[in-house]
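Engineer: Curious how this folds, go ahead:
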Amino acid sequence: MIPKASPSPSKNPVIFNLLRAPSLRTHLKFNPIFKPSPLSLFTQPSRPRLSPKTQSFQSPKIHSLFTGIVEEMGEIKQLGTADHGGVSLKILAKTVIEDAHLGDSIAVNGTCLTVTDFDTHLGEFTVGLAPETLRKTSLGELKPGSLVNLERAIQPTGRMGGHFVQGHVDGTGVIVGKEAEKDSLWIKVKADKHLLNYVVPKGFIAVDGTSLTVVDVFKEELCFNFMLVDYTQHNVVISLKEVGQKVNLEVDILGKYVQRILSSGFVDSIKSS
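Structural biologist: Next up is the predicted model:
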């Protein structure tokens, strides 16, 4: 179970990419409207532009925002130890690398990861997996041939089709039930109690990076359920998983902020003033 290589869920979702590098020039770059591209605030040294086809480089941490609308299902080509000693994940894909750049953020089963290498001719890209990512998500259980949900970071010109998804996995849940109803599929997931506190009926939750609406919450069972329509079943990996398999969960960030405000005593201070 593995969220992005960040030590803890970010409290401030950022819509643009932020790359940090010491003693470098800062630019605010806008790409032409006729070719939509994310607005990026970034720093870079004065050096020749690298080839966009096949490149390899270690990027700083990036914060991005997703919507939970899966663009395609990619196939795991390789998962193993990289030359630098860490763990790397190579994925076959088409759509998400059409306009790929080094340092881009791509959500893999809901985990925001940084592109460290890509090849548009071979149709593949590589991301690194930090130890914390392996602990918090289910990505470490993937193997060659496994399918994963993929989504690029949202562009300022794009539609907000799902909800605010950071790609910071809060933990994993386990599928405990699957039941068909006509052409729809009910799925029931068991989660840790501390995560279930943020799950509410008709609220949002990201399951393996897919923005879904919670139907019911079963507090006694520590479970919640949701329904997948026929189209969604054919375009995300959740319907392919069996009972007993893990899914990555990211609860709605708005619920976290509300909980923090209430627990801080802020509301009580207003009442007493």
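Engineer: Run a quick neighbour tally on the residue lying closest to residue 98 once chain neighbours are set aside.
Structural biologist: Taking Cβ to Cβ, 6 or more residues apart in numbering as the measure, residue 98 lies nearest to residue 120, with 7.6 Å between them; neighbours along the chain are not counted. C-beta here means a position set from N, CA and C on the backbone, and glycine is covered the same way. In terms of burial, residue 120 registers 15 neighbours under the definition other Cβ atoms under 10 Å.
Engineer: For residue 120, grab phi and psi.
Structural biologist: Geometry field for residue 120 lists phi and psi as phi -70, psi -20, criterion degrees, to the nearest 10.
Engineer: pretty sure it is touching residue 97, no?
Structural biologist: Yes. With contact taken as Cβ atoms under 8 Å, residue 120 and residue 97 are classed as touching, separated by 5.8 Å.
Engineer: tell me, which helix in the protein spans the most residues?
Structural biologist: Scanning the chain for the helix with the most residues, using DSSP state H, yields helix 253-263.
Engineer: Can you point out the buried residues in stretch 255-270?
Structural biologist: In terms of neighbour count (16 or more other Cβ atoms under 10 Å), stretch 255-270 has its buried residues at residue 255.
Engineer: now do the same end-to-end measure for it.
Structural biologist: In terms of Cα to Cα, to the nearest Å, the two terminal residues of stretch 255-270 are separated by 20 Å.
Engineer: Quick check: mean pLDDT of it?
Structural biologist: Summarised as a single mean, pLDDT over stretch 255-270 is 82.
Engineer: Can you verify residue 83 is assigned to a helix?
Structural biologist: No. Counting by DSSP: H, G, I helix; E, B strand; the rest coil, residue 83 is not found in a helix; it is coil.
Engineer: Name all residues that make contact with it.
Structural biologist: Residue 83 makes no contacts at all, as judged by Cβ atoms under 8 Å, 6 or more residues apart in numbering.
Engineer: That one and residue 109, how far apart?
Structural biologist: With distances taken as Cβ to Cβ, to the nearest Å, residue 83 is found 24 Å from residue 109.
Engineer: And for residue 152?
Structural biologist: The spacing between residue 152 and residue 109, counted by Cβ to Cβ, is 14 Å.
Engineer: more crowded one of the two?
Structural biologist: Each of residue 152 and residue 109 had its neighbours counted (other Cβ under 10 Å), and the higher figure belongs to residue 109 (30 against 22).
Engineer: mind checking the backbone torsions on the more buried one?
Structural biologist: phi 50, psi 40.
Engineer: Let me see the contact set for it.
Structural biologist: Residues in contact with residue 109 (Cβ under 8 Å, 6+ apart) are 137-139, 148-149, 208-209, 237, 248.
Engineer: Look at it and report its pLDDT.
Structural biologist: On the pLDDT scale, residue 109 is placed at 98.
Engineer: Could you do residue 81 as well?
Structural biologist: Taking residue 81 on its own, its pLDDT is 83.
Engineer: what's the neighbour count on it?
Structural biologist: By the other Cβ under 10 Å criterion, the neighbourhood of residue 81 contains 9 residues.
Engineer: which residues does it bridge with?
Structural biologist: Legend: beta-bridge partners of residue 81 under DSSP bridges are residue 87.
Engineer: now it: how far from residue 129?
Structural biologist: Computed with Cβ to Cβ, the distance linking residue 81 and residue 129 is 10 Å.
Engineer: Sounds good, over and out.
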